[in-house]
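model this:
(2 chains)
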2 protein chains.
Amino acid sequence: METIVVELGERSYPIHIGGGLLAKTELYGIAAKQILIVTNEVVAPLYLERVQAALHGREVATVVLPDGERHKTLATFTAVIDRLIDGRFHRDCCLVALGGGVIGDLAGYVAASYQRGVDFVQVPTTLLAQVDSSVGGKTAVNHPRAKNMIGAFHQPIAVLADTDTLKSLPARELAAGLAEIIKYGVIVDAPFFDWLEAHIDDLRRLDPAALTYAIRRSCEIKAAIVAEDEREQGRRALLNLGHTFGHALEAIGHYERWLHGEAVGIGIALAARTSMALGWLAARDCERIASLLALAGLPSTAPGVDAHELLTHMRGDKKADREGLKLILIRAIGESVVTRSPPEDTLRAVLAERLQ
Amino acid sequence: METIVVELGERSYPIHIGGGLLAKTELYGIAAKQILIVTNEVVAPLYLERVQAALHGREVATVVLPDGERHKTLATFTAVIDRLIDGRFHRDCCLVALGGGVIGDLAGYVAASYQRGVDFVQVPTTLLAQVDSSVGGKTAVNHPRAKNMIGAFHQPIAVLADTDTLKSLPARELAAGLAEIIKYGVIVDAPFFDWLEAHIDDLRRLDPAALTYAIRRSCEIKAAIVAEDEREQGRRALLNLGHTFGHALEAIGHYERWLHGEAVGIGIALAARTSMALGWLAARDCERIASLLALAGLPSTAPGVDAHELLTHMRGDKKADREGLKLILIRAIGESVVTRSPPEDTLRAVLAERLQ
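Take a look at the predicted model:
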């Protein structure tokens, strides 16, 4: 097991990474006597008992939600709040989010909001959640017309990234997690990108040492950026590489055609192409990025998507503000920049070419 | 005009107090180009135009909500969020809460949640909101079974407490505000309590100098306590004097029988009686507190309320936790303490006597 600490002053918390963590009571770090485990119908049969056993002796309740992004809504949020009220949960209770990013985001927003904020522990069971949504304190639910529009910054008291839980993960979801891992290399860490090129097959066959390293390095990179810029005023925006494209694709695909990580993977490829078209990124580096995404098992483009529709959605993304579209583009592998209003014609040309 | 600053590091903000403030553009301190004014059907006809005129030149939209505590719900919250999405409000927008505590709490929670947090300005138009909910960053909506159960800590960028707006305030609501002002004297400031005894009539006839002083002193006291304890871990709990009783009364009265401030006033009287019954508070001081509340035009008891039902509600209050009921009691005027699990029989006896 490895442990890294996200340094946020009073709100600092540990991320534990390794196998067999679910059973280790002390890693949860829960002082509360009242605990609500929030999970879903897919994860519950696999891992709920292990978590319940680890938390044995407290007053533990469980809410099992339906699976899927389409349930990350205010209605589901309200249902979990109702459960807390019905169970007379006090302000010193603790929530445990057992599941992927949807569960983490939703349970985290409930924890942020219930009585204006209670403790929560993240137990991410997907690779994507282990390297992304479990670090940084972003919580949210979706609005029918846009993702993650309603939420809060709320830090967990601990994160348990148990690599054993990845054994039950479908291949598509594993690849979706790899997209975010590749992102970290592209934005700030060329040596990590090199390592990923050398170990992508180890990761796909769930080699424990490779997984632990990749998750740890991803969390370290994200944690360092978040510690520097908790509220996303500046540098944290780099973490959105591929996400403005990705969110637009997800919306166009009604959150069904692509997984979040798949959409981000396509978005990274589009960001690389755009960067190359602007003369910022060498063709060789653009090619390496595209190859690694492909080797990770990710789709590289989005056939049939209308470029105009994609751009319209991108402009409505919440990363956009009054100064226009904000994109993360790439100068070199390991070096990315926040870009204001990239030339529309370049963007259109790249999309027209790539979305065929 | 007087201005005090709530010191909260990066989140510090000014509270401006005085007459004619609504018209002064610069006091709002809004850099955003997109502004949503959130107000209600009672306040809008009186003051909306003044605020719109002051914000002239920006992109200003308005949402007018129905009046009353019963609309401080997730449904109304959702309606305001929808309005922001429909209007394509960006992350750098600003909300203006124009109204009493309900509008401030609700608009504040929307501001806390929309895109994980946008700016907002409080323009409280009731005395209660000017001295209470506009200071401290507590925002929330009610759950059908308990008040303020869903919310966030989110600080405004500025507060405009315009004493002119109190001219339109019904006498009952003025008295409700005075209850919170009296509270500040009772919990930590005996000289302020003395001043209130001498000036209660000036306040009731809306003498501008007296109002400005009372609001300023109340905000100073609350601001000092909040700056010390933003997340209500310790001393901030003193601000809840009368509130555990008050919240229970409000629930029993279905949020209709008493205004929040009236329920708090009764709660302060009950806390004083309980403190006296425990031998903590001198009879003379208990009497002075009851008299001042009466002179402010507040009800002093809650005839017909069942003591057992009240206690049950108090135990469900969110100030309660696993260690049992937490009450603020009074040692002397100007000196109060957080009390764990006060003797049940004393509490029952006081309630049985006072609720006849």
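
and stretch A:119-135, end to end?
By C-alpha to C-alpha, to the nearest Å, the extent of stretch A:119-135 from end to end equals 15 Å.

distance between that stretch and the chain's centre?
Chain-centre distance of stretch A:119-135: 8 Å, with C-alpha atoms, centre = their mean, to the nearest Å.

ok, that stretch near chain B or not?
No. On the criterion C-beta under 8 Å from any C-beta of the partner chain, stretch A:119-135 is out of touch with chain B, staying 12.3 Å away. C-beta here means a position set from N, CA and C on the backbone, and glycine is covered the same way.

what about that stretch, average pLDDT?
The average pLDDT within stretch A:119-135 is 93.

likewise for stretch A:196-213?
Stretch A:196-213 comes out at a mean pLDDT of 97.

can you pull the buried residues of it?
By neighbour count on 16 or more other C-beta atoms under 10 Å in any protein chain shown, the buried set for stretch A:196-213 is A:196, A:199-200, A:202-204, A:210-213.

for chain A, what lies in contact range of chain B?
So far as C-beta under 8 Å from any C-beta goes, chain A lies against chain B at A:33-34, A:74, A:78, A:81-82, A:85, A:88, A:90-92, A:112-117, A:138-140, A:143, A:145-146, A:148-153, A:231, A:316, A:318-322.

in chain A, where's the longest helix?
Of all segments of type helix in chain A, defined using DSSP state H, the longest is helix A:208-228.

tell me what that one is packed against?
Packing partners of helix A:208-228 (3 or more C-beta pairs under 8 Å, 6 or more residues apart in numbering or on different chains; DSSP states H and E): strand A:2-6, strand A:13-18, helix A:171-188, helix A:190-204.

buried deepest among these, which one?
Using mean count of other C-beta atoms under 10 Å in any protein chain shown, the stretch among those with the largest mean neighbour count is helix A:171-188, at a mean of 25.

pull the distance from it to the chain's centre.
With C-alpha atoms, centre = their mean as the basis, helix A:171-188 stands 10 Å off its chain's centre.

quick check: the gap between the residue of chain A most remote from its centre and chain B.
Largest separation from the mean C-alpha position in chain A: residue A:57, at 32.0 Å (C-alpha atoms, centre = their mean). For residue A:57, the distance to chain B (C-beta to the nearest C-beta, to the nearest Å) stands at 15 Å.

got a pLDDT number for that residue?
92.

give me the phi and psi for it.
With angles defined as degrees, to the nearest 10, residue A:57 sits at phi 100, psi -20.

just the one 5 residues further on next, same as before
Residue A:62 has phi and psi values of phi -140, psi 140 when expressed as degrees, to the nearest 10.

kindly report the same for residue A:332.
phi -160, psi 170.

cool, residue A:96 as well?
According to degrees, to the nearest 10, residue A:96 has phi -120, psi 120.

so it touches residue A:28, yeah?
Yes. Using C-beta atoms under 8 Å, residue A:96 makes contact with residue A:28 at a distance of 7.1 Å.

is it true that residue A:211 touches residue A:205?
No. Under the criterion of C-beta under 8 Å, residue A:211 is not in contact with residue A:205, lying 9.8 Å apart.

pull out the buried positions in the helix or strand in which residue A:82 is found.
Under the criterion DSSP states H and E, the helix or strand holding residue A:82 is helix A:74-86. Under the neighbour-count criterion of 16+ other C-beta under 10 Å, helix A:74-86 has A:74, A:76-78, A:80-81, A:83-85 buried.

residues contacting that helix, please?
With C-beta atoms under 8 Å, 6 or more residues apart in numbering or on different chains as the test, helix A:74-86 has contacts from A:36, A:38, A:61, A:63, A:65, A:93, A:106-107, A:109-110, A:113-114, A:141, A:150, B:74, B:78, B:143, B:145-146, B:149-150.

okay, angle between it and helix B:74-86 too, please.
Using axes from the mean of the first three to the mean of the last three C-alpha atoms, to 10 degrees, the inter-axis angle of helix A:74-86 relative to helix B:74-86 is 150 degrees.

give me the buried subset of the contacts of helix A:74-86.
Buried among the contacts of helix A:74-86 (16+ other C-beta under 10 Å): A:36, A:38, A:61, A:63, A:65, A:93, A:106-107, A:109-110, A:113-114, A:141, A:150, B:74, B:78, B:143, B:146, B:149-150.

which ones among those are found in strands?
Per DSSP state E, strands hold the following members of the buried ones among the contacts of helix A:74-86: A:36, A:38, A:61, A:63, A:65, A:141, A:150, B:143, B:146, B:149-150.

sorry, back to before: after the longest helix of chain A comes which helix or strand?
Once the chain leaves helix A:208-228, the next helix or strand it forms, by DSSP H and E, is helix A:243-252.

what's that following helix packed up against?
Partner elements for helix A:243-252 (3+ C-beta pairs under 8 Å, 6+ apart): strand A:146-153, helix A:260-277, helix A:307-316, strand A:326-332.

low-confidence ranges in the stretch 201-350 of chain A?
Within the stretch 201-350 of chain A, the segments meeting pLDDT under 70 span A:230-233, A:317-323.

and residue A:303, which helix or strand is it part of?
Counting by DSSP H and E, residue A:303 is part of no helix or strand.

and the gap between it and residue A:312?
Distance of residue A:303 to residue A:312, given as C-beta to C-beta, to the nearest Å: 19 Å.

more neighbours: these two, which one.
residue A:312 (13 against 8; other C-beta atoms under 10 Å in any protein chain shown).

which of the helices and strands packed on helix A:208-228 comes out lowest on mean pLDDT?
With a mean of 93, strand A:2-6 has the lowest mean pLDDT of the helices and strands packed on helix A:208-228.

run the chain-centre distance for stretch A:68-86.
That offset, for stretch A:68-86, works out to 20 Å (C-alpha atoms, centre = their mean).

hmm, who's touching the longest helix of chain A?
Identification of contacts with helix A:208-228 by C-beta under 8 Å, 6+ apart yields A:2, A:4-8, A:15, A:17-19, A:127, A:130-132, A:134-137, A:161, A:163, A:166, A:180-181, A:184, A:187-189, A:192, A:195-196, A:199, A:202-203, A:235-236, A:238-239.

what about residue A:354, how many neighbours?
Residues lying near residue A:354 (other C-beta under 10 Å) number 18.

coming back round to it: need the CA coordinates for the helix holding residue A:82. CSV is fine.
Once non-C-alpha atoms are left out, helix A:74-86 reads as follows in CSV (Å, rounded to 0.1, in the frame of the first residue of the first chain):
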residue,chain,number,x,y,z
LEU,A,74,-31.0,16.6,-7.9
ALA,A,75,-33.8,14.0,-7.6
THR,A,76,-31.3,11.4,-6.4
PHE,A,77,-29.5,13.9,-4.3
THR,A,78,-32.9,14.6,-2.6
ALA,A,79,-33.5,10.9,-2.1
VAL,A,80,-30.2,10.5,-0.2
ILE,A,81,-30.9,13.6,1.9
ASP,A,82,-34.3,12.1,2.7
ARG,A,83,-32.6,9.0,3.9
LEU,A,84,-30.3,11.0,6.2
ILE,A,85,-33.3,12.9,7.7
ASP,A,86,-35.3,9.7,8.1
